[in-house]
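Asks: Predicted model and sequence follow; I will ask about them next.
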Amino acid sequence: MKGIGEKRAELFSKLGVNSVGELLNFYPRAYEDWTSVEKIENLLEGGTYCIKAVLGSPVSDALIGGGRILSKATVYDDTGKLRLVWFNNRYISRMLVYGGEYFFFGKITVDNYGAQMLSPTFAPVAKGAMIHPVYRTTAGLVSKSISAAVEQSLKLLPETVNDPIPEQIRKKYGLCGLRQALCDIHFPKTREALECARKRLVTEELLVLNLGMRSLKRHSRGVSGVKIKRDYSKEFESLLPFELTGAQRRAVADCVSDITKSGAPMNRLIQGDVGSGKTAVAASICYTAAKNGFQAAFMAPTEILARQHFDNLSALLENTSLRVELLTGSLKESEKKRVREGLSSGEVDLVIGTHALITDKTEFKSLGVAVTDEQHRFGVAQRAKLLGKGENPHLMVMSATPIPRTLGLIIFGDLDISVIDELPPSRKPVKTVLRGAADRKKIYSFIKREIAQGRQAFIVCPLIEEGELDVASAEEYAAELMLNDFSDIPVAVVHGKTKADEKERIMADFAANKYSLLVSTTVIEVGVDVPNASVMMIENAERFGLSQLHQLRGRVGRGKFQSYCVLVSDNRNPVTEERLRVMCSTNDGFRIADEDLKMRGPGDFFGERQHGLPQMSIADFADTKSLELSQKIADEIIFIYKDLRNDELRLLNAEVERLFARGGQNTLN
Ligand code: ADP
Ligand code: MG
C-alpha cells in the first residue's frame, strides 16, 4: 500500500496487522463525533467538544522548560473566543492557516488565564463534519496514519464482497452486508450507520464463536469404554440423612441418563450456588458407578476440602460394601502407597483426593467416573489428565461460580449443563445489610452476641495492594481486635502470605470450632463447610466484585441457624451503593452474576482471561442481548443447513476454523 514501507509495516505488525484484510478488521477503539458542533459560549469545564471556529491569530510557539514547545492560538465563532493549547508538536503552526475555518475537537480545561481547549485535533471545515475513528496506536504510529491506511484499504474492496452470513439470515435479523459494515465501522456518516455496522460485526463474531463451541462439543471425545447398566441413585438416596431437593434429583437424573447411554461419555457441568448441595449429586453418581463395578475419583482443589468430603462420604458409605479412601499429598508415603495399590488392584471403589490423584504414580484398574469440585480452580489440562486415568471415563465438573446463562452456554459450550437452582429447605436465606464504618462497634457487639450463643464469625478485610497503606492489613486488624473488642475470644488470622499448610491447619481448626472468629483476606473463598458460622462481616465491601461478595457470603448460612452478612462501606458513590444494595436485596447468585456482568464485564468471573475463550475483536461478553441474538441465529443456521460443511456456509466455516486456530480453545484434549 502507498505510504507503507518496511518500517511502517513493522509498526502495524506490532498492532497485529499484517495484511490489508487484518487492517480492515482492525476496528476503531473509539470515535470522535464531529457531527454535533457546540458554540463556544456553551462550553463547560471538563467537557469534550467539537467546535467550528476561525483561527483569529497565527499560532505562536514558545519554548518552555525541558526544551519543550508550547503552541497557542486563539479562535472565535459568532458567540465568543477560545484559547487552544498544544504541547510539543512543532508542526501545528505549519498546519493551521491564520483566518482559516476549522473543526477543533478536544477537552475544555480552566486555569488562571481562563478556559482553553487542550491539544485539540482538527480538520478544515470542508473535511470535518463526520464521525472520526480513533484507533489503538503504538509508539511511532498515530491514529491518523492508521485511519489513512484504512481509507486506502477500503478503496481496494471489490463492489461485491462475499458475505459469510447467508442472505436469508441477514434479511431476517436485520443485519447489513459485510461491505457496508466494514465501511461504516471505520467511517460512519451517522450514529445510526455506526450502530448498524457494529450490530452486524458483533453478531457475526459471536455467531462464529457459538458455532465453534458447538462443533467442539460434538467432536470432543469419542466413545466411552465405561458401560454402566443399572441406576443405583434411589438406593443411594436412602442412605442420606435428608431428602434430595427437586433440583438435586433433576441433576442426578441428567447424569444417570448420560452415563447409562451407550456411546459418548458424560461431559457435564453441575452448576449450583454455594450450599446448593452439589456434593450429594456427585456422590450419587460415584455410588452408581461403583455399584456397577467401576471406580470413581473425586478431585478437590485443597487438602481440607478433600478431607471434608472424605469424612462425610466415608461416614455415609460406612455400612455398604464400598471401600472409600483419601489420597492427598500430605499423607505418609506408606499410606499413599497403600491407597495406590488399592486403586490399581481395583479394591478401592471411591477415592477422594487432591492433585495427588493425577500424578503418574496413581493408576486405576477401571476408572468409570471422574469428578472435579470447584471446577474453575482446575485447568483444562488437569481435567484431561484425570480422564486419562481411564478408558474415556465419564466426567462431571462442579462449579459454584454462577455465570449468566447466556455466557455459560458459550464458555461451557463443550459441556452439558445441569443447574441446581434450589437450596435445601432447611436453609434460611442470609440476611444482608449495608453499614458505614461508624457502626463498626455496633457490628462487633452483634458478632459477640452471636459468638456468646455458640456461633462463629468471619471478618474479611481486603487484600492490600502495593501503595495502599491506608487499609489495615489482616494481621494488624486482627491484633487490634484481640487487644480490644475480642480480647476474651479465640481469634485466628489467614491472609495471602500465610503458608498453605498453615492455612489448612487454621481452617481445619476453625471448622472444628477451636476459634470463634476468623479474620482473613479473600483466601477463604473456597467451599469449606462450617455450618456453625453465622456472621460474615466484609470491610471495604466496595472493593469486591458482586460475584466475589456472593462467594464470600456463601461461607455462612450453611447450617440451621439464621445467618447474617454485614457489608461495611463508607463509599457514597451512587453506582457503588447501588451495587451493594443488589447484594442486600437478593441471594440469587445468577441475578447477582447478571448485574456484575453488566457493571464489570466477564473478566471477574474467572480472573483475567481465564475463561479460555478466544480474544474478541469487537464483541463484548457483557452484551447479553447480542449473546442471545447470536445464540438464536446459530440455532437457526444449524436447523436450516444441518451441517457447517454445507457449501453455503463455506466462508462462515472458514471463520470458525480461523478463530480457533488463533488459540485459546476450551477443549478437553
Ligand atoms: P455445595 O453445593 O456448596 O458444594 P454442599 O454439597 O457442600 O454444597 O452442601 C452444603 C450442605 O448442605 C452440606 O452440609 C450438605 O450435607 C447439606 N445438604 C445437601 N443437600 C441437602 C438437602 N437436600 N437437604 C438438606 N441438607 C442438604
Ligand atoms: Mg462444594
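Replies: On my side now, so go ahead. Ligands and ions are numbered 1, 2, ... in the order given.
Asks: Give me the residues contacting the host helix or strand of residue 250.
Replies: Using DSSP states H and E, residue 250 sits in helix 246-260. Outside of helix 246-260, the residues within contact range by CB atoms under 8 Å, 6 or more residues apart in numbering are 226, 228-229, 231, 233, 244, 265-268, 270, 272, 276-277, 280-281, 284-285, 288-289, 368-369, 394, 396, 416, 418-422. C-beta here means a position set from N, CA and C on the backbone, and glycine is covered the same way.
Asks: Which ones, among the residues you listed, also lie beside ligand 1?
Replies: Contacts with ligand 1 within the contacts of helix 246-260, as defined by CB under 6 Å from any ligand atom: 244, 272, 276-277, 280.
Asks: Buried residues in the top helix by length along the chain, which are they?
Replies: For the chain, the helix that runs over the most residues, judged by DSSP state H, is helix 191-219. Along helix 191-219, these residues count as buried under the neighbour rule (16 or more other CB atoms under 10 Å): 193-194, 196-217.
Asks: in the protein, what secondary structure element scores lowest on mean pLDDT?
Replies: Across the helices and strands of the chain, mean pLDDT, DSSP states H and E gives its lowest value to helix 603-606, namely a mean of 46.
Asks: Check which element follows that helix along the chain.
Replies: helix 624-641.
Asks: what's next to that following helix, contact-wise?
Replies: If you take CB under 8 Å, 6+ apart as the criterion, helix 624-641 is touched by 166, 168-169, 172-173, 199, 202-203, 206-207, 209-211, 214, 404, 406-407, 409-410, 594, 597-598, 619-621, 648-649, 652.
Asks: Return the residues in contact with whatever residue of the stretch 551-669 of the chain ends up closest to ligand 1.
Replies: Evaluated by CB to the nearest ligand atom, the stretch 551-669 of the chain has residue 558 as its residue closest to ligand 1, separated by 5.5 Å. Residues in contact with residue 558, defined by CB under 8 Å, 6+ apart, are 274-275, 427, 529-531, 533.
Asks: Near ligand 1, which residues of this protein? Just list them.
Replies: Residues of the chain found near ligand 1 (CB under 6 Å from any ligand atom) are 242-245, 248, 272, 274-280, 400, 424, 426, 527, 529, 531, 558.
Asks: And for residue 242, nearest residue in space, chain neighbours not counted?
Replies: residue 424 (6.8 Å; CB to CB, 6 or more residues apart in numbering).
Asks: Repeat that for residue 514.
Replies: For residue 514, the closest residue by CB to CB, 6+ apart turns out to be residue 490, at 6.7 Å.
Asks: count of neighbours near the residue in the stretch 351-500 of the chain positioned nearest to ligand 1?
Replies: Residue nearest to ligand 1 within the stretch 351-500 of the chain: residue 424 (3.3 Å; CB to the nearest ligand atom). Applying other CB atoms under 10 Å, we find 16 other residues in the vicinity of residue 424.
Asks: how close does it sit to residue 277?
Replies: According to CB to CB, to the nearest Å, residue 424 stands 6 Å off from residue 277.
Asks: which residues are common contacts for the two?
Replies: Taking CB under 8 Å, 6+ apart as the contact rule, residue 424 and residue 277 both touch residue 245.
Asks: Now do the SS call for the closest residue to residue 36 other than its chain neighbours.
Replies: Spatial nearest neighbour of residue 36, chain neighbours left out: residue 50 (6.7 Å); criterion: CB to CB, 6+ apart. Using DSSP: H, G, I helix; E, B strand; the rest coil, the secondary structure recorded for residue 50 is strand.
Asks: give me the number of residues near residue 50?
Replies: The number of residues packed near residue 50 is 21, by other CB under 10 Å.
Asks: repeat for residue 382
Replies: Counted with other CB under 10 Å, the burial measure for residue 382 works out to 16 neighbours.
Asks: just checking, what packs against the helix or strand harbouring it?
Replies: For residue 382, the enclosing helix or strand under DSSP H and E is helix 380-387. With contacts defined as 3 or more CB pairs under 8 Å, 6 or more residues apart in numbering; DSSP states H and E, the secondary structure elements packing on helix 380-387 are strand 367-372, strand 394-399.
Asks: could you dump those to JSON lines with mean neighbour count?
Replies: Conversion of these to JSON lines gives the following (neighbours: other CB atoms under 10 Å):
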{"stretch": "strand 367-372", "mean neighbour count": "28"}
{"stretch": "strand 394-399", "mean neighbour count": "24"}
